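J.: Fold the following and give me the result.
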Amino acid sequence: MTSQNNRPQFTSYIDTEGRKVMRVPLDKRGKEHATVLERDYLNVRRSGATGTWIAHVVNGRTYVRTNIPTGAGYTLGTVARIITGAGRGVAIRYADGNPLNLLPENLVWRKGKAKRCDHEIALAGAAA
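T.: Now for the predicted structure:
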(Lines give C-alpha, C1' and ligand atoms only; values in the text may rest on other atoms or scores of the structure.)
Protein backbone atom coordinates (compact mmCIF):
# COMPACT_ATOMS: atom_id res chain seq x y z
CA MET A 1 0.00 0.00 0.00
CA THR A 2 1.27 3.51 -0.78
CA SER A 3 0.51 6.99 0.51
CA GLN A 4 -0.56 10.07 -1.45
CA ASN A 5 2.98 10.87 -2.54
CA ASN A 6 3.39 7.30 -3.83
CA ARG A 7 5.67 6.18 -1.03
CA PRO A 8 5.16 3.03 0.98
CA GLN A 9 3.44 3.47 4.32
CA PHE A 10 5.34 3.70 7.57
CA THR A 11 5.56 0.54 9.57
CA SER A 12 5.93 0.36 13.32
CA TYR A 13 6.75 -2.27 15.90
CA ILE A 14 7.62 -2.63 19.56
CA ASP A 15 11.32 -3.40 20.05
CA THR A 16 12.84 -5.68 22.69
CA GLU A 17 13.05 -2.73 25.11
CA GLY A 18 9.32 -2.03 24.76
CA ARG A 19 9.81 1.13 22.67
CA LYS A 20 7.56 2.00 19.72
CA VAL A 21 9.85 2.12 16.69
CA MET A 22 8.97 3.34 13.20
CA ARG A 23 10.42 2.42 9.84
CA VAL A 24 10.15 5.55 7.71
CA PRO A 25 10.36 5.03 3.93
CA LEU A 26 13.10 7.05 2.22
CA ASP A 27 12.30 6.25 -1.40
CA LYS A 28 9.29 5.50 -3.59
CA ARG A 29 10.25 1.85 -4.07
CA GLY A 30 10.38 1.18 -0.34
CA LYS A 31 13.90 -0.24 -0.48
CA GLU A 32 15.39 2.17 2.06
CA HIS A 33 13.98 2.99 5.49
CA ALA A 34 15.13 5.02 8.46
CA THR A 35 14.58 3.47 11.88
CA VAL A 36 13.49 5.96 14.54
CA LEU A 37 11.58 6.03 17.81
CA GLU A 38 8.00 7.15 17.27
CA ARG A 39 8.44 9.96 19.84
CA ASP A 40 11.49 11.28 17.94
CA TYR A 41 9.62 11.15 14.63
CA LEU A 42 6.74 13.11 16.17
CA ASN A 43 9.15 15.62 17.74
CA VAL A 44 10.79 16.21 14.34
CA ARG A 45 7.36 16.90 12.85
CA ARG A 46 6.39 19.17 15.76
CA SER A 47 9.62 21.13 15.30
CA GLY A 48 8.33 22.23 11.89
CA ALA A 49 10.30 19.79 9.73
CA THR A 50 7.26 18.24 8.07
CA GLY A 51 8.72 17.26 4.71
CA THR A 52 9.18 13.80 3.27
CA TRP A 53 12.27 12.00 4.60
CA ILE A 54 14.91 11.06 2.00
CA ALA A 55 18.29 9.32 1.89
CA HIS A 56 20.60 12.10 0.67
CA VAL A 57 24.14 11.18 -0.39
CA VAL A 58 26.84 13.85 -0.05
CA ASN A 59 30.49 13.04 -0.80
CA GLY A 60 29.74 9.32 -0.49
CA ARG A 61 28.02 9.68 2.90
CA THR A 62 24.32 9.09 3.37
CA TYR A 63 22.19 11.31 5.58
CA VAL A 64 18.47 11.15 6.35
CA ARG A 65 17.17 14.59 5.42
CA THR A 66 13.89 16.44 5.19
CA ASN A 67 12.65 19.81 4.03
CA ILE A 68 12.46 22.51 6.66
CA PRO A 69 10.39 25.61 5.92
CA THR A 70 12.24 28.91 6.24
CA GLY A 71 11.06 32.46 5.72
CA ALA A 72 12.52 32.31 2.21
CA GLY A 73 11.25 28.84 1.20
CA TYR A 74 12.79 25.55 2.27
CA THR A 75 16.15 24.11 3.20
CA LEU A 76 17.23 20.49 3.61
CA GLY A 77 17.79 19.58 7.25
CA THR A 78 19.49 16.50 8.66
CA VAL A 79 17.02 14.48 10.72
CA ALA A 80 19.68 13.23 13.17
CA ARG A 81 20.63 16.84 13.97
CA ILE A 82 17.00 17.76 14.54
CA ILE A 83 16.44 14.74 16.82
CA THR A 84 19.50 15.49 18.92
CA GLY A 85 19.22 19.27 18.84
CA ALA A 86 22.89 19.38 17.82
CA GLY A 87 24.17 22.90 17.38
CA ARG A 88 27.06 24.47 15.56
CA GLY A 89 30.41 22.82 16.19
CA VAL A 90 28.83 19.43 16.96
CA ALA A 91 29.07 16.47 14.59
CA ILE A 92 26.70 13.52 14.79
CA ARG A 93 28.20 10.09 14.24
CA TYR A 94 26.48 6.70 14.08
CA ALA A 95 27.72 4.15 16.63
CA ASP A 96 26.93 1.18 14.39
CA GLY A 97 28.01 2.99 11.20
CA ASN A 98 24.45 2.95 9.82
CA PRO A 99 23.18 6.51 9.16
CA LEU A 100 19.65 5.16 8.61
CA ASN A 101 19.54 3.97 12.24
CA LEU A 102 18.25 7.04 14.11
CA LEU A 103 17.66 5.29 17.43
CA PRO A 104 19.06 7.26 20.40
CA GLU A 105 21.78 4.73 21.26
CA ASN A 106 23.16 5.05 17.73
CA LEU A 107 23.45 8.85 17.64
CA VAL A 108 26.79 9.96 19.07
CA TRP A 109 27.76 13.61 19.55
CA ARG A 110 31.32 14.73 18.85
CA LYS A 111 33.07 18.03 18.46
CA GLY A 112 33.03 18.78 14.74
CA LYS A 113 32.75 21.37 12.01
CA ALA A 114 28.98 21.73 11.75
CA LYS A 115 28.03 25.28 10.84
CA ARG A 116 24.28 25.16 11.43
CA CYS A 117 21.66 23.97 13.83
CA ASP A 118 18.82 22.28 11.90
CA HIS A 119 16.65 22.08 15.01
CA GLU A 120 16.73 25.89 15.38
CA ILE A 121 16.01 26.35 11.65
CA ALA A 122 12.99 24.02 11.93
CA LEU A 123 11.61 25.87 14.95
CA ALA A 124 12.09 29.27 13.28
CA GLY A 125 10.41 28.02 10.10
CA ALA A 126 7.44 26.66 12.04
CA ALA A 127 6.99 30.02 13.77
CA ALA A 128 7.10 31.95 10.45
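
J.: buried set for the longest strand seen in the chain?
T.: Scanning the chain for the strand with the most residues, using DSSP state E, yields strand 61-70. Using 16 or more other C-beta atoms under 10 Å as the test for burial, strand 61-70 gives Y63, V64, R65, T66, N67, I68, P69. Glycine gets a C-beta too; all of them are placed from N, C-alpha and C.

J.: Who are the contact partners of the fifth one?
T.: Same thing as N67. Contact partners of N67, counting by C-beta atoms under 8 Å, 6 or more residues apart in numbering, are A49, T50, G51, T52, Y74, T75, L76, G77.

J.: And the residues you listed, which two are furthest apart?
T.: The distance between the two most remote of the contacts of N67 (C-beta to C-beta) is 14.4 Å, for T52 and T75.

J.: Among the contacts of N67, which one has the most neighbours?
T.: Using other C-beta atoms under 10 Å as the neighbour criterion, A49 leads those with 29 neighbours.

J.: How far off centre is the longest strand of the chain?
T.: Centroid displacement of strand 61-70 relative to its chain, using C-alpha atoms, centre = their mean, to the nearest Å, is 7 Å.

J.: Paired strands for that strand, with orientation please.
T.: Partner strands and pairing direction for strand 61-70 (DSSP bridges) are strand 54-58 (antiparallel), strand 73-78 (antiparallel).

J.: Which helix or strand lies directly C-terminal to the longest one?
T.: It stands for strand 73-78. helix 79-84 (DSSP states H and E).

J.: if we look at that following helix, which residues are touching it?
T.: Contact with helix 79-84 is made by 34, 36, 40, 43-44, 47, 49, 53, 63-66, 68, 86, 92, 94, 99, 102, 104, 107, 109, 114, 117-119, 122, as judged by C-beta under 8 Å, 6+ apart.
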